[in-house]
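Undergrad: quick one, fold the following:
(2 chains)
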Amino acid sequence: MYKGIAVIGDRDSIYGFASIGFNIFPVSNTEEGIKTFKNLCKGEYAVVYVTEAFAAEIEEEIEKVSENLYPAIILIPGVHGNTGKGVLSVRKSVEKAVGSDILFSGGTQD
Amino acid sequence: MASTNVNPTRMELTRLKKKLVTAKRGHKLLKDKRDELMRRFLELVKENMALRKVVEKGLEDANQNFVLAKAIMREETLNTALLAPLQSISVEVKSNNVMSVEIPSFDYKTRTPDENGMYSYGFAFTSSDLDYAVKSLSDIFPQMLKLAEIEKSCQLMAAEIEKTRRRVNALEHVMIPETEESIKYITMKLDENERSTQVRLMKVKDMMIKENIEAKRSVNQ
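TA: Model (predicted):
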């Protein structure tokens, strides 16, 4: 089964991805963004990269589709810098599985 | 308490005993599943964290390059340069089964095998910064895909571990003790019944003997 890769977020952060063959979906406001995001989750894409800034606005939507096998929603830092949200999402899954944050409890460093 | 609303019968006792055996077996199996899942998860999540750091660093560099390119070139030129991407990527998705958890595995194919296929523009009107930017992005791409695969696996496994743990706990702390208690209650009740029957029998026997003796006496007199 062949699927594509999508990137969603603010235009400045994602326009470069078009050059390496990703499908880019720039969003300018949250409402429209949620609509686009929902469309992306319908199974056409294997991976949807979401910029951390935009992910913060649509957390609920991301939560809803997190149970499905596809697409994989992966947070990436945008052009405005790294907010640490991506690392946080990894820590959250550790917390979910183990019950407490045993791996990285001493800050973000290893 | 569950023990108060069970029928103290032999049939119920057999049923409960069977249930207890199943529950204990299920508990053991689920516990094993949880432990194995946890082991794999911890391995995977470490890799995930390391990879995420690499990817974030790479993307940051790429973003920097793009900002530079944007600063040097006119926006229209930049947009035109990236307007019609040459490259397109399709991802082959497979799913692997790890301890009954479906985890994805991605394999990508690019449309053009040429490694310079990502430059969708002529070099005449664009800045070299754009070339660097595009190059840095395409360099980090395989790792990005790997990250997607691993991170999704981690999320799915975390959800499954949570579920399994809850089941194990429910069996361990609710199901099994309750069943055991019910079994104990029924056994005690049955024993009690047996004792009272025995006592009754003894009593009846006593009375019959007494009657016999008295009857013999009245005959003798």
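
Undergrad: buried stuff in the least confident helix or strand in chain A by mean pLDDT?
TA: Least confident helix or strand, chain A: helix A:11-14 with a mean of 80, by mean pLDDT, DSSP states H and E. Residues A:D12, A:S13, A:I14 are the ones in helix A:11-14 that count as buried (16 or more other CB atoms under 10 Å in any protein chain shown). Just so you know, the C-beta spots here come from the backbone N, C-alpha and C atoms, and that holds for glycine as well.

Undergrad: before we move on, what about stretch B:123-134?
TA: Quick answer for stretch B:123-134 (16+ other CB under 10 Å): B:T126, B:S127, B:D129, B:L130, B:D131, B:Y132, B:A133, B:V134.

Undergrad: restrict those to those near chain A?
TA: Contacts with chain A are made by B:A133, B:V134 out of those, judged by CB under 8 Å from any CB of the partner chain.

Undergrad: mind checking which of the buried residues of stretch B:123-134 are in strands?
TA: Residues of the buried residues of stretch B:123-134 located in strands (DSSP state E): none.

Undergrad: could I get the buried residues of stretch B:123-134 as TSV with pLDDT?
TA: Listed next are the buried residues of stretch B:123-134 as TSV, based on pLDDT from 0 to 100:
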residue	pLDDT
B:T126	73
B:S127	73
B:D129	76
B:L130	77
B:D131	78
B:Y132	79
B:A133	80
B:V134	81
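
Undergrad: any chance of the buried residues of stretch B:123-134 in JSON lines, plus distance to A:A53?
TA: Shown next, in JSON lines, are the buried residues of stretch B:123-134 (distance: CB to CB, whole Å):
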{"residue": "B:T126", "distance to A:A53": "27"}
{"residue": "B:S127", "distance to A:A53": "26"}
{"residue": "B:D129", "distance to A:A53": "24"}
{"residue": "B:L130", "distance to A:A53": "23"}
{"residue": "B:D131", "distance to A:A53": "27"}
{"residue": "B:Y132", "distance to A:A53": "24"}
{"residue": "B:A133", "distance to A:A53": "20"}
{"residue": "B:V134", "distance to A:A53": "23"}
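
Undergrad: closest one of the buried residues of stretch B:123-134 to A:G84?
TA: For the buried residues of stretch B:123-134, the minimum distance to A:G84 (CB to CB) is 23.7 Å, reached by B:A133.

Undergrad: the closest one contacts B:A62, correct?
TA: Yes - between B:A133 and B:A62 there is a contact under CB atoms under 8 Å: 6.1 Å.
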